[in-house]
Every structure is written in C-alpha cells, then in structure tokens.
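Participant: below are the sequence and a predicted model for it; my questions follow.
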Amino acid sequence: MVLTSGLVVRDLLTEDLDQILELEAATFRMPWSREVFEAELEAPGRSYLVADHEDRVVGYGGLMLVEQDAHINTLAAQRPGPVPAVGTRLMLALVQIGLAGGAEHLTLEVRASNRRAQEFYRKFGMAPVGVRKHYYRDEDALIMWAHDITGAGYRERLRLIEEALP
C-alpha cells in the first residue's frame, strides 16, 4: 500500500534481506542474522513488513500471532529517513495485521534503557508490566502490553495516530 511521498509498506521478501541486515546492524547492538530472519519468514503465525521508499528499504517490522496476542518481534526505521514517521506507519500496519488475525492484546520487549522506544510504544497504548531479566545478553528488557486492542477506545487511538501523521 502506498502511504505517502512514495513510501510503500509491503510484505518483506527474501530479496530484501541484504538491505534489512544493513539497517539491522545500524539499529541494534545485537542484530539478528540472515538465518534468524529466514527462519522467521518461514515460521507459522509470523508477518513481516518493509517500508520501501524508491526501491530502498527504510524500515521493517514483524509480529508473531499467538492465540489472542500479537507480539511485536522487531521494528526498525532508518534515522534520519527520507520520509517522516516510518516507524509509526509500520506499527500501525502491524497492529492492523494483529487485529485481522484475531489478536486482542499487543505485547513486546524493549531494552530497559531505551526510553525513546518506550515512549513510542506508549503512544500505541502500551504500558510496562514487568521486566525480563537478562533478555538481552547485556541488558534486561521491559515487557510492555496493550490490552483490549479490539475495543472502540483503542481503535480511536489508532485513528488519531494515523490522523496526526505528517
């Protein structure tokens, strides 16, 4: 789907992996390997998207559906990027995939030190509910959840986020 200024959010393809791995390495201290991405693309209940701008991957994200839960596995956007709010656009698309798959809750882990990401996820109604000790080799993870994402209040939140996009 074309969103704005030539930005297209579409399914991640194996042909995208070289660009994904570049962005992964630039974004995360402990990046996933090609093998991890390949396994994730084949795993049941997984959905991975890319934000493509002029045939260049400028963001990607993925989720795993487990019963009523949509678990955000990864989300990254080029910074600075050629188009504003790539992460927000990807997150909106991932939430819609979760809803279409029957999810009632949204969850993820985020580095305990990554305040910027935590604030981003709060915009989507996510709140911290606990800590996973040693989730990362070098740090704990904060567990965040948004409950009742099927309700009218949450759908209004999504509408307002989308409406505020540049």
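Facilitator: Sure thing, it's come through.

Participant: for Ala152, grab the count of nearby residues.
Facilitator: Using other CB atoms under 10 Å, Ala152 has 8 neighbouring residues. Where C-beta positions appear, they are placed from N, C-alpha and C, glycine not excepted.

Participant: so how far is Phe37 from Met126?
Facilitator: Distance, Met126 to Phe37, using CB to CB, to the nearest Å: 24 Å.

Participant: next one: Ala164
Facilitator: Taken as CB to CB, the span from Ala164 to Phe37 is 31 Å.

Participant: ditto for Glu139
Facilitator: From Glu139 to Phe37 the distance is 22 Å (CB to CB).

Participant: can you list the weak-confidence ranges in the protein?
Facilitator: Low-confidence segments of the chain (pLDDT under 70): 1-4.

Participant: all helices of it, in order?
Facilitator: In the chain, the helices defined using DSSP state H lie at 17-27, 34-42, 86-100, 115-123, 152-163.

Participant: including distance to Leu63, could these go into CSV?
Facilitator: What follows is those, written out as CSV (distance: least, CB to CB, whole Å):
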stretch, distance to Leu63
helix 17-27, 15
helix 34-42, 10
helix 86-100, 5
helix 115-123, 13
helix 152-163, 15
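
Participant: winner for burial among those helices?
Facilitator: Ranked by mean neighbour count, the helices of the chain are led by helix 86-100 with a mean of 20 (mean count of other CB atoms under 10 Å).

Participant: next one: that one to chain centre, how far?
Facilitator: Between the centre of helix 86-100 and the centre of its host chain there is 7 Å, according to CA atoms, centre = their mean, to the nearest Å.
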